[in-house]
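Enquirer: Predicted model, plus sequence, below.
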Amino acid sequence: MVNVSDQNILDPLDYDLGAPSKHLIIHQQDDLRIAHEHLFQSATPVRFYHYPANTFLFVMKGELYLQHHQQDTESPSQETALKKHQGIWLAANSINCVNLLSASAEVCLVQFSPLHDLSDTPPPFKKMSSGSVESQTARGQIKTWPLWEGESGQICLELYPPQYKETLYYHKKATQYFLPLNGTAFLSDKTKQTEVCPIFGKIIPHKQPRAVINPNKDSITMLSVMTPQSTKGRVLLLTRST
């Protein structure tokens with residue numbers, strides 16, 4: 001992979017996995033790495049993953065069958081089926097074989113900073129989704145499902161109600177990644193400019209103001225990935241009354 005200095009300007013870099021399957025680099029920095037893969041059974045019915053760092057695999061579309069083996073251990077291989085909007089951790093240095101159960105599938109791969117990653121307990125081989133964790137209410141009307149949280153960062157699902165506009169805010173230290181999973185989400189910044197959140201997601205650097213807007217009649221769901229933040233790291237930007 002190559003470094004991308006400004007993911008807010010550049011489109012994702014994509015690499016051919018055997019047309020039409022492809023690997024897209026969404027963000028590649030020291031604190032966070034995000035990639036997508038669009039897989040087609042006709043071209044890549046089987047895909048192998050073997051990374052030196054813990055990697056979170058999230059299914060955006062389609063269904064997969066995953067075989068997981070911990071390298072250099074006598075533990076037996078583990079197997080599971082993954083459906084749309086389910087995720088799982090692939091432990092560092094493990095050997096993983098994915099078979100497509102649908103004609104096509106799209107996955108999101110997340111890696112946090114190796115410096116923090118070393119201090120985290122190796123993640124269990126367990127499926128995570130909105131059905132496997134308790135929901136919480138955050139930032140007013142937003143419903144969240146915390147899929148995972150550790151020293152490396154946090155991953156959650158966020159449900160935004162219809163006709164919703166949140167207060168502009170920023171994070172002091174954390175980088176945040178938003179990935180729309182259904183519907184159309186909008187993001188606004190400090191200039192009050194509003195833009196559609198790209199289908200491949202949006203990276204928001206620390207100290208950059210943002211607010212999610214859902215003008216639709218239906219709720220929208222976003223995958224949110226965030227690097228470590230300090231206590232009270234989220235700062236609201238309130239509009240002054242005239």
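Expert: Thanks, I have the structure now.

Enquirer: Could you give the average pLDDT over stretch 68-88?
Expert: Across stretch 68-88, pLDDT averages out at 90.

Enquirer: er, stretch 96-105 actually
Expert: The average pLDDT for stretch 96-105 rounds to 97.

Enquirer: what about dumping the CA coordinates of that stretch to PDB?
Expert: Presented in PDB, the C-alpha positions along stretch 96-105 are these (Å, rounded to 0.1, in the frame of the first residue of the first chain):
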ATOM      1  CA  ASN A  96      -8.000 -16.500   6.900                       C
ATOM      2  CA  CYS A  97      -9.800 -17.900   3.900                       C
ATOM      3  CA  VAL A  98     -13.000 -16.300   2.600                       C
ATOM      4  CA  ASN A  99     -15.400 -18.000   0.300                       C
ATOM      5  CA  LEU A 100     -18.100 -16.000  -1.300                       C
ATOM      6  CA  LEU A 101     -21.600 -17.300  -0.700                       C
ATOM      7  CA  SER A 102     -23.300 -14.600  -2.900                       C
ATOM      8  CA  ALA A 103     -22.600 -13.600  -6.500                       C
ATOM      9  CA  SER A 104     -20.700 -10.500  -5.100                       C
ATOM     10  CA  ALA A 105     -19.700  -9.000  -1.800                       C
END
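
Enquirer: now it, how far from the chain's geometric center?
Expert: A distance of 19 Å separates the centroid of the chain from that of stretch 96-105, by CA atoms, centre = their mean, to the nearest Å.

Enquirer: Mind listing what's buried along that stretch?
Expert: 96-98, 100, 104-105 (16 or more other CB atoms under 10 Å). C-beta here means a position set from N, CA and C on the backbone, and glycine is covered the same way.

Enquirer: Which two among those residues are spaced furthest apart?
Expert: With distances taken as CB to CB, the most widely separated pair in the buried residues of stretch 96-105 is Asn96 and Ser104, at 19.2 Å.

Enquirer: What's opposite the nearest residue to His27 once chain neighbours are set aside in the beta bridge?
Expert: Nearest non-adjacent residue to His27, counting by CB to CB, 6 or more residues apart in numbering: Ile34, 4.3 Å away. On the basis of DSSP bridges, Ile34 is bridged to His27, Val110.

Enquirer: ok, now which ones touch Ile34?
Expert: Contacts for Ile34 (CB atoms under 8 Å, 6 or more residues apart in numbering) come out as 25-28, 108-110, 177, 201, 203, 225.

Enquirer: Out of those, flag the one nearest to Tyr51.
Expert: Leu109 (8.4 Å).

Enquirer: thinking that closest one is in contact with Leu39, fair?
Expert: No: applying CB atoms under 8 Å, one finds Leu109 not in contact with Leu39, separated by 11.9 Å.
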